[in-house]
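Visitor: Sequence plus the predicted model coming up.
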Amino acid sequence: MKIRGVAIEDTFAEAFTMRVARVVITGRTLRWVREAALKMTGFATSVIGCKCEAGIERELPPDETPDGRPGMSVLLLTMGKDDLPVRLIERIGQTILTCPTTACFDGLPEAPDRVGVGSALRVFGDGFQGSKMVGGRRFWRIPVMEGEFLIEEKFGLQKGIGGGNFLILATSADAALAAAEAAVDAMAGLPGVVLPFPGGVVRSGSKVGARRSKGMIASTNDAYCPTLRAVTASALPESVNSVLEIVLDGVDAPAISRAMRVGIDAACRDGVVGITAGNYGGKLGPHHFHLRQIMSADGPAR
Amino acid sequence: MSDETTLTLRRALAQRVDASTVAWDALRGLDAAGIEAQEVWIEGSGRGRLGDLFQVAAVPGERIRLVGDLARLDGIGAGLAGGVLVIDGDAGWYVGQGMRGGSIEVRGRAGPQTGGALPGAKRGMTGGEIVVRGSVGPGAGTGLRRGLIAVEGDAAESAGRAMLAGSIVVFGAVGAEPGLWSKRGSVVALGAVTPPATYRYACTYRPSYLPVTLGYLKRRYGCPVTPDHLSGLYRRYSGDLAELGAGEILAWTP
């Protein structure tokens, strides 16, 4: 299969089941919402080193937020169910509670599994906090020097998927970067998906384990490193001089499939030789996203 | 065919009627005969039946509508725990007495002690929502433990007396001594208000929960919330300082 001359390899991305929460952050202006969202999703690229993965899902207009202010939704994922409330409490407590004008709401109110987040952070109020029930949902008002911080008592969590991916194989580093930027721009704001790495792009894709340091969980993906073509079992065609990876986490498989279709299509441009994906032979992750199936005419709707 | 159970007043009430004896929360599961058999207490003549006062058209569902001038019918919605009760007219004393859930909408005025506690009772309403399109009489939300009362008109004296929690939102003027003896809870005054002497001014700010509450009232009940209500500043008074002092009066500053 080729799209605008770019070969779509007959392979699949292998992804894992994770637990996901959606956090809706609102503020007086979008500037402060963005500040809070960026801080909350900082250092959350991979569970390998960050304990969670997170990203900004999309901007929310005032008529889509519980308090009628500008907002953003953030997805935060962990491998285990028990980890999720811990990471939410840590990150919301340090980045949203502290950020001027913001408030914080559950973005998965229909999810049957609920974890206490506001109910834990309320104790920062040192007994001066108060709660309000509105429409069957409880909110905590925590007094702070600026005025008041509002946070929902419980947040929904559900099964999500982490590790959807595709690799852009390009003739030059500039071409790979331009294609990756185009893919990220095309996927920006798609519901149910976040790209947890810097700018949505990974330059240091990894393989499981390591040749030299046996204790390492992951090490450089030497088969896709152009500088190692001559000294390792390279997977790169001759004309490829740079590879970038896009990693996607999401609330479900259809959301990731849709985003991959949009992103791969945007990445198929001049200077790109091929699109492939990372997997472990299908033995580790239960979710397989087959590139040619996704990009076929009867693939997911854009 | 209507999608709600309708109780239409047969004739104007000549005496006060105590309808707190009606099993309001059970009405949704009853047929017309069961609703008509509900007992009321008529001032001067004693025991009576709901069917003596109302023509009943029962439809299975969550909504019940009462039609007529019910200013002399007391205790409407007493003990309600779910569903929607709409009063197409005025209502008497003690609307939603002991209410635990569901919602009551009074499209006219409501009498004294709306959502309030009976004399001697420690707590009034413990959940649910009451929306009054007109004004309410004295003592609305007395002993309120949890829940939301919204008044689009004025609230007479002693609204939120001895509140324990919950919120009362008044779009019109608030009468004398709101929130007196309250421990917690909020009286939100979007019209004129004079806090009692036992309340102390704290600051002028934007209460973060108010846009959530007011937005909800606007979306669900069509209450006359303006953009200025949502983004405006409020003077916060803490009280009652003769009690716990964790309550508040939030006075909108246009």
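Guide: Done, it's in. Numbers count the residues shown, from 1 in each chain, chains lettered A, B, ... in the order given.
Visitor: Point to the residue nearest the middle of chain B.
Guide: residue B:130 (4.0 Å; C-alpha atoms, centre = their mean).
Visitor: Isn't that residue up against residue B:147?
Guide: Yes: the criterion here is C-beta atoms under 8 Å, and residue B:130 meets it with residue B:147 at 7.5 Å. All C-beta spots, glycine's among them, are computed from the backbone N, C-alpha and C.
Visitor: overlap in contacts of these two?
Guide: B:99, B:115 (C-beta atoms under 8 Å, 6 or more residues apart in numbering or on different chains).
Visitor: now the end-to-end length of stretch A:192-199.
Guide: End-to-end distance for stretch A:192-199, by C-alpha to C-alpha, to the nearest Å: 17 Å.
Visitor: repeat for stretch B:34-42
Guide: With C-alpha to C-alpha as the measure, the first residue of stretch B:34-42 is 19 Å from its last.
Visitor: So which bits of it are buried?
Guide: Going by neighbour count (16 or more other C-beta atoms under 10 Å in any protein chain shown), the buried part of stretch B:34-42 is B:34-36, B:38, B:40-42.
Visitor: How many residues are close by residue A:235?
Guide: Burial measure for residue A:235: 17 neighbouring residues, criterion other C-beta atoms under 10 Å in any protein chain shown.
Visitor: That one is in contact with residue A:223, isn't it?
Guide: Yes: assessed by C-beta under 8 Å, residue A:235 is found in contact with residue A:223 at 4.2 Å.
Visitor: For the stretch 51-200 of chain A, which residues are neighbours of chain B?
Guide: The stretch 51-200 of chain A comes close to chain B at residues A:66-69, A:103, A:130, A:132-135, A:139, A:141, A:147-150, as judged by C-beta under 8 Å from any C-beta of the partner chain.
Visitor: Can you select the buried ones among these for me in ChimeraX?
Guide: Entered in ChimeraX, the line below selects the buried ones among those, by 16+ other C-beta under 10 Å:
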select /A:66,67,68,69,103,130,132,133,134,139,141,147,148,149,150
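Visitor: gap between the closest residue to residue B:186 other than its chain neighbours and residue B:239?
Guide: The spatial neighbour of residue B:186 that comes closest, neighbours along the chain excluded (C-beta to C-beta, 6 or more residues apart in numbering or on different chains), is residue B:167 at 4.5 Å. Residue B:167 sits at a distance of 15 Å from residue B:239 (criterion: C-beta to C-beta, to the nearest Å).
Visitor: do residue B:132 as well
Guide: 24 Å.
Visitor: neighbour count winner among the two?
Guide: Shown here are residue B:132 and residue B:239; by other C-beta under 10 Å, residue B:132 has more neighbours (29 against 26).
Visitor: what residues are up against the more buried one?
Guide: Taking C-beta under 8 Å, 6+ apart as the criterion, residue B:132 is in contact with B:95, B:105-106, B:109-110, B:114, B:149-153.
Visitor: Now with 7 Å, please.
Guide: With contact taken as C-beta atoms under 7 Å, 6 or more residues apart in numbering or on different chains, residue B:132 is in contact with B:106, B:110, B:114, B:151-152.
Visitor: Can you read off the pLDDT for it?
Guide: Residue B:132 is assigned 98 on the pLDDT scale.
Visitor: For it, name its beta-bridge partners.
Guide: Beta bridges link residue B:132 to residue B:106, residue B:151 when assigned by DSSP bridges.
Visitor: That one and residue A:282, how far apart?
Guide: Residue B:132 is 63 Å from residue A:282, where distance means C-beta to C-beta.
Visitor: show me where chain A has helices.
Guide: Remark: helices assigned in chain A by DSSP state H are A:30-40, A:47-50, A:83-91, A:118-121, A:173-187, A:253-267, A:291-295.
Visitor: Turn these into JSON lines, columns for distance to residue B:174 and mean pLDDT.
Guide: Compiled in JSON lines, these are given as follows (distance: least, C-beta to C-beta, whole Å; pLDDT from 0 to 100):
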{"stretch": "helix A:30-40", "distance to residue B:174": "33", "mean pLDDT": "98"}
{"stretch": "helix A:47-50", "distance to residue B:174": "51", "mean pLDDT": "92"}
{"stretch": "helix A:83-91", "distance to residue B:174": "39", "mean pLDDT": "97"}
{"stretch": "helix A:118-121", "distance to residue B:174": "30", "mean pLDDT": "98"}
{"stretch": "helix A:173-187", "distance to residue B:174": "52", "mean pLDDT": "98"}
{"stretch": "helix A:253-267", "distance to residue B:174": "49", "mean pLDDT": "97"}
{"stretch": "helix A:291-295", "distance to residue B:174": "61", "mean pLDDT": "96"}
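Visitor: Domain map for chain A?
Guide: Domain assignment for chain A by automatic domain parsing gives A:2-14+A:160-295, A:19-158.
Visitor: From the chain's centroid, how far away is the first one?
Guide: Relative to the chain's own centre, domain A:2-14+A:160-295 is displaced by 14 Å; criterion: C-alpha atoms, centre = their mean, to the nearest Å.
Visitor: Quick check: residues of chain B near chain A?
Guide: Within reach of chain A by C-beta under 7 Å from any C-beta of the partner chain, chain B has these residues: B:146, B:167, B:184, B:205-209, B:211-213, B:215-216, B:230, B:246.
Visitor: of those, buried ones?
Guide: Using 16+ other C-beta under 10 Å as the burial test, the residues of chain B next to chain A include B:146, B:167, B:184, B:206-209, B:211-213, B:215-216, B:230, B:246 as buried.
Visitor: got TSV for these, with pLDDT too?
Guide: Converted to TSV, these look like this (pLDDT from 0 to 100):
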residue	pLDDT
B:146	95
B:167	98
B:184	97
B:206	96
B:207	96
B:208	94
B:209	96
B:211	97
B:212	97
B:213	98
B:215	97
B:216	97
B:230	96
B:246	96
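Visitor: Inside helices: which ones of those?
Guide: If you go by DSSP H, those have B:211-213, B:215-216, B:230 in helices.
Visitor: Return the member of the residues you listed nearest to chain A.
Guide: When those are compared for distance to chain A (C-beta to the nearest C-beta), residue B:211 wins out at 4.0 Å.
Visitor: Contact partners for the closest one?
Guide: Contacts of residue B:211 (C-beta under 7 Å, 6+ apart): A:67-69, B:230.
Visitor: switch the cut-off to 10 Å
Guide: The contact partners of residue B:211, taken as C-beta atoms under 10 Å, 6 or more residues apart in numbering or on different chains, are A:26, A:62, A:65-69, A:103, A:150, B:225, B:229-232.
Visitor: Report the contact partners of the closest residue to it other than its chain neighbours.
Guide: The spatial neighbour of residue B:211 that comes closest, neighbours along the chain excluded (C-beta to C-beta, 6+ apart), is residue A:67 at 4.0 Å. By C-beta under 10 Å, 6+ apart, the contact set of residue A:67 is A:24, A:26-27, A:103, A:105, A:139, A:150, B:208-216, B:230.
Visitor: Could you find the closest non-adjacent residue to the most centrally placed residue in chain A?
Guide: Chain A has residue A:194 as the residue nearest its centroid, 3.2 Å off, counting by C-alpha atoms, centre = their mean. Closest residue in space to residue A:194, ignoring its immediate chain neighbours: residue A:55 at 2.9 Å, by C-beta to C-beta, 6+ apart.
Visitor: quick one: the one you found and residue B:128, what's the gap?
Guide: Taken as C-beta to C-beta, the span from residue A:55 to residue B:128 is 39 Å.
Visitor: rewinding a little: residues in contact with the residue nearest to the centre of chain B?
Guide: B:77, B:80, B:85, B:91, B:95-96, B:99, B:102-106, B:110, B:114-115, B:136, B:140-141, B:147-151, B:168.
Visitor: hey, which of the helices of chain A is tucked in deepest?
Guide: helix A:253-267 (a mean of 22; mean count of other C-beta atoms under 10 Å in any protein chain shown).
Visitor: and the angle for that one with helix A:173-187?
Guide: Relative orientation of helix A:253-267 versus helix A:173-187 (axes from the mean of the first three to the mean of the last three C-alpha atoms, to 10 degrees): 140 degrees.
Visitor: so where's chain A uncertain?
Guide: For chain A, the stretches with pLDDT under 70 are A:299-302.
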